[in-house]
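*Asks:* predicted structure and sequence below. I'll ask about it afterward.
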Amino acid sequence: MSHTVITSTTTAGRTSGDGALNLGYTRTIPGLLKLGQMLALLVAFLCVRCARGWPSWAAFQYFEVVALWFLMAFLVFFLMHLFRLQAKMPCINWPLTEFFHYSVGTILILIASIVGAVKSGGVSALVAGSVFGFIATFLMAVSLWTSYSVTCGSHQTGAAV
């Protein structure tokens, strides 16, 4: 006659992985990319905003709007990952949402940076804003690539091979 003994242990405290705050996300590649994108967009926005004598008002208004919009959107995505809010909203496909956002953002920030560089008129702050826009574009393209590999990569199926 064989007996099986099952024991379970409970702890009163919470482990670091159970907390509401996911600080480990800031050390991952997607987390570092989002931080870099937010920093580059913030610097680009501030360079353009603080510049005096815009040669082309419409071009730099567009640059400001696009940079500020995607800065706020990346902040929202970053906070969603940091506070693990995706699990609380399972009706949204978050990898696909981020993929779509990165694809639109990469194109719009690239256009804004090109137009800003062409229309800068030699104003150094506007040139610097365009350079940081190109840096943000590069970081967004890298995020787009990594997001694509997660969203559209090969998926495991339950079928045996």
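*Replies:* Yep, that arrived. Numbers count the residues shown, from 1 in each chain.
*Asks:* where in the chain is pLDDT low?
*Replies:* 1-18, 150-161 (pLDDT under 70).
*Asks:* if we use 50, what do you get?
*Replies:* Low-confidence segments of the chain, defined by pLDDT under 50, span residues 10-16, 158, 161.
*Asks:* center of it - which residue?
*Replies:* Lys34 (3.8 Å; CA atoms, centre = their mean).
*Asks:* so how far is Phe78 from that one?
*Replies:* 5 Å (CB to CB, to the nearest Å). C-beta coordinates here come from the backbone N, C-alpha and C atoms, glycine included.
*Asks:* top helix in this protein by residue count?
*Replies:* helix 124-151 (DSSP state H).
*Asks:* return the distance of it from the chain's centre.
*Replies:* Relative to its chain's centre, helix 124-151 lies at 10 Å (CA atoms, centre = their mean, to the nearest Å).
*Asks:* return the set of buried residues in it.
*Replies:* 125-144, 146-147, 151 (16 or more other CB atoms under 10 Å).
*Asks:* any idea whether His54 is helix, strand or coil?
*Replies:* Quick fix: residue 54 reads Trp, not His. coil (DSSP: H, G, I helix; E, B strand; the rest coil).
*Asks:* can you start the count at 11 instead of 1 from here on
*Replies:* All right, first residue 11 from here; so that's Trp64.
*Asks:* residues near it, how many?
*Replies:* Using other CB atoms under 10 Å, Trp64 is surrounded by 19 other residues.
*Asks:* now it: phi and psi?
*Replies:* Reported as degrees, to the nearest 10, the phi and psi values for Trp64 are phi -70, psi 120.
*Asks:* Ser130 is in contact with that one, correct?
*Replies:* No - checked against CB atoms under 8 Å, the pair Trp64 and Ser130 is beyond contact range at 9.1 Å.
*Asks:* need the overlap of contacts for those two.
*Replies:* Here Trp64 and Ser130 share the contacting residues Leu136, scored by CB atoms under 8 Å, 6 or more residues apart in numbering.
*Asks:* I appreciate the help and will end here.
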